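# When you get a sec, could you give me coordinates for this:
(one chain, ligands or ions: 3)
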Amino acid sequence: MKQMTEQNMINAFGGECQAHMRYLRFAEVAAKENFPNVSRMLIAIAEAERIHAFDHYQELKHLDTGRVANSMAAFGPGNTAKNLGLSIAGETFEIEEMYPTYIETAAFQSERSAERSFRWSYMTEVEHRKLFQKAKEAVDGGQDVTLGTVHVCDVCGYTLEGDAPDACPVCKAKKDRFKAYEAV
Ligand code: FE2
Ligand code: FE2
Ligand code: FE2
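Ligands and ions are numbered 1, 2, ... in the order given. A predicted model of the protein is given here:
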């Protein structure tokens, strides 16, 4: 793998791992603050980030030495209002800067498989930001978010509220590859 794309993949793996853990922590805080739907949304999105991390990690199977991952964007824990603000900021960084740059670099370097892994994540992050914006609006008004079943594609991480599609719009996986996060 070309060096620039390889370092970008390492960074993306680091960022997705941290997003996974951060959202699980945010989910605990949301549950404690009595926002059960925000908590469920965070658990579903954390799973999508885990899938992104796994997909990127698979692209690095040729490596056998330690490397430094620079994850950038989104940090320290707070209450749910702050955590959702950080979540929006993190997804926005991925959508507007990180993934477009990584996709362009991978395309320029003819690293097709890496380009696909970055693109799958990029398309998912766009949906994550929408969900987080909806949640933040509710929490800023002192309410839990109104949320139907959330589905996550276990191949690419694509996340949506509502029924699972017959085929994933991002990776074309069949309906049975979607995991449901239902209201309790
Ligand atoms: Fe992600
Ligand atoms: Fe995301
Ligand atoms: Fe998918």
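# and the helix or strand hosting M123, what's its mean pLDDT?
M123 belongs to helix 112-140 when assigned by DSSP states H and E. The average pLDDT within helix 112-140 is 98.
# Any residue of that helix touching ligand 3?
No - using CB under 5 Å from the ion, helix 112-140 stays clear of ligand 3, coming no nearer than 7.0 Å. Glycine gets a C-beta too; all of them are placed from N, C-alpha and C.
# ok, the closest residue to ligand 2 within the chain - how many residues close by?
Residue of the chain nearest ligand 2, by CB to the ion: H128 (3.6 Å). Burial of H128 is recorded as 25 neighbouring residues (other CB atoms under 10 Å).
# My guess is it contacts A46. True?
No - using CB atoms under 8 Å, H128 is not in contact with A46; the gap is 10.4 Å.
# Check the residue lying closest to L60 once chain neighbours are set aside and give its pLDDT.
Nearest residue to L60, sequence neighbours excluded (CB to CB, 6 or more residues apart in numbering): M9, at 5.9 Å. Turning to M9, the model gives it a pLDDT of 98.
# Compute the distance between M9 and G141, please.
40 Å (CB to CB, to the nearest Å).
# The two - which one has more neighbours?
When M9 and G141 are compared on other CB under 10 Å, the one with more neighbours turns out to be M9, at 26 against 8.
# what about the helix or strand hosting that one, distance to the chain center?
Taking DSSP H and E as the criterion, M9 maps to helix 3-32. Relative to its chain's centre, helix 3-32 lies at 8 Å (CA atoms, centre = their mean, to the nearest Å).
# Point out the residues in this protein that sit beside ligand 2.
Residues of the chain that fall close to ligand 2, judged by CB under 5 Å from the ion: E125, H128.
# Report whether the expected contact of the residue nearest to L60 with A114 is present.
Yes - with contact defined as CB under 8 Å, M9 counts as touching A114 (5.7 Å).
# The residue of the chain found nearest ligand 1 sits in which helix or strand?
Nearest residue of the chain to ligand 1, counting by CB to the ion: H52, 3.7 Å away. If you go by DSSP H and E, H52 is part of helix 36-58.
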